[in-house]
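**Student:** Model the following, please.
(4 chains)
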There are 2 protein chains.
Amino acid sequence: MSNNESMEMYLETVYLLENDHGHSHVVDIAKTLGVSKPSVTKAIKQLKDLGYVHTEKYGTITLTDKGREVSREIYENHRLIELFLQHSLDLPADEASYNACKMEHVISEKMLAAIRNYMEKNSIEVKSEFEKENETDIQNKL
Amino acid sequence: MSNNESMEMYLETVYLLENDHGHSHVVDIAKTLGVSKPSVTKAIKQLKDLGYVHTEKYGTITLTDKGREVSREIYENHRLIELFLQHSLDLPADEASYNACKMEHVISEKMLAAIRNYMEKNSIEVKSEFEKENETDIQNKL
DNA sequence: TGAAAATGTTAGCCTAGACTAACTTTTATA
DNA sequence: TATAAAAGTTAGTCTAGGCTAACATTTTCA
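**Tutor:** The predicted model follows:
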């Protein structure tokens, strides 16, 4: 799973949708990511083969425990990077989120560790959006 | 040309090789990027079609004025990001370079501007490696 | 409740960007 | 200087990750 931008985006989207609605649907994932339904079906099949999601034919998609763990980590890294960009570069929220989305799939473990260290030193608390409030615009989180 | 990681890497490599030796060869590009010679031939053909390089059959590869301008900008952005990572996160040079290499192809113009602003505020001078010294290990610059 | 709309799937196509095998041309050297 | 080695090219293959068209299933609601 490491270092696969496309799959990480699908997994992260499933995670966000599930946090909002308890499960996700092909059509919602397609809309969120701006891809076609068949692309989603194909990707979800791969996530299933990897043991990250459970699906029922013509039914809903839910994360397995493993999938939830991995996707939570992906999303938390996204948040971490996002807050780092806001704090260090004073980027507005939307720009920070956009760039975090691009960066999260490519930067090294050491750089992530360095960002965590930076946040700690500057006493910046990194908490999930979900702990803060009830948002519904998932696109803003990707 | 915008936002094409692969082509940007080829162009940047041509730029670095040319700065070191006055021109570049398929085989050197292949070694630097860790790809096969046919992959380089194909990529260079595309760069030629875009007007970025000049080639002679079975001969050397050189940048056009346009190509030099674009590749210098790519490389300078790489350096900018690299120094930002070193300064803000205290990343060692090799880690900073590695992550700059990944980030340079994906981050937004606004984020680049914010980094420039950061460097200025902190009085960090961004100069090319070439102005500093005579290095030959190009891999370290990518 | 049955037909239309929405949703999900399958099959097949396309492109980018890698690769190997085999060939051509150039360079180096015995 | 002839030939082996090195460098470059061409042709064809593969994979990932998109897409559309067509079909299957489920849901909605008149």
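
**Student:** Report how many residues lie close to the closest residue in space to residue A:11 that isn't next to it in sequence.
**Tutor:** Spatial nearest neighbour of residue A:11, excluding adjacent residues (Cβ to Cβ, 6 or more residues apart in numbering or on different chains): residue A:71 at 4.6 Å. Using the backbone N, CA and C atoms, a C-beta is placed for each residue, glycine as well. For residue A:71, the count of nearby residues is 24 (other Cβ atoms under 10 Å in any protein chain shown).

**Student:** Correct me if wrong: residue A:105 contacts residue A:5.
**Tutor:** Yes: the pair residue A:105 / residue A:5 is scored as a contact, 4.0 Å apart, by Cβ atoms under 8 Å.

**Student:** quick one: which of these two has more around it?
**Tutor:** Using other Cβ under 10 Å as the criterion, residue A:105 and residue A:5 rank with residue A:105 on top: 20 against 13.

**Student:** Tell me which residues touch that one, please.
**Tutor:** The contact partners of residue A:105, by Cβ atoms under 8 Å, 6 or more residues apart in numbering or on different chains, come to A:3, A:4, A:5, A:8, A:9.

**Student:** Which element, helix or strand, includes it?
**Tutor:** For residue A:105, there is no enclosing helix or strand under DSSP states H and E.

**Student:** Please identify the buried residues of the longest helix anywhere in chain A?
**Tutor:** With secondary structure taken from DSSP state H, chain A has its longest helix at helix A:65-89. Residues of helix A:65-89 classed as buried by neighbour count (16 or more other Cβ atoms under 10 Å in any protein chain shown): A:67-68, A:70-72, A:74-75, A:77-86, A:88-89.

**Student:** ok, and which of those reach DNA strand C?
**Tutor:** Among these, no residue is within reach of DNA strand C (Cβ under 7 Å from any atom of the strand).

**Student:** and residue A:121, how many neighbours?
**Tutor:** By other Cβ under 10 Å, 9 other residues sit near residue A:121.

**Student:** Likewise for residue A:140?
**Tutor:** Around residue A:140 there are 13 other residues, counting by other Cβ under 10 Å.

**Student:** Now it. Nearest residue, chain neighbours left out?
**Tutor:** Closest to residue A:140 by Cβ to Cβ, 6+ apart is residue A:97, at 6.4 Å.

**Student:** Also residue A:94?
**Tutor:** Residue A:94's closest residue in space is residue A:140 (Cβ to Cβ, 6+ apart), at 7.3 Å.

**Student:** State the pLDDT value of that neighbour.
**Tutor:** Residue A:140 is assigned a predicted lDDT (pLDDT) of 74.

**Student:** what's the distance between it and DNA strand D?
**Tutor:** As judged by Cβ to the nearest atom of the strand, to the nearest Å, residue A:140 and DNA strand D stand 20 Å apart.

**Student:** any weak-confidence spans in chain A?
**Tutor:** Residues of chain A meeting the criterion pLDDT under 70: A:1-2, A:129-138.
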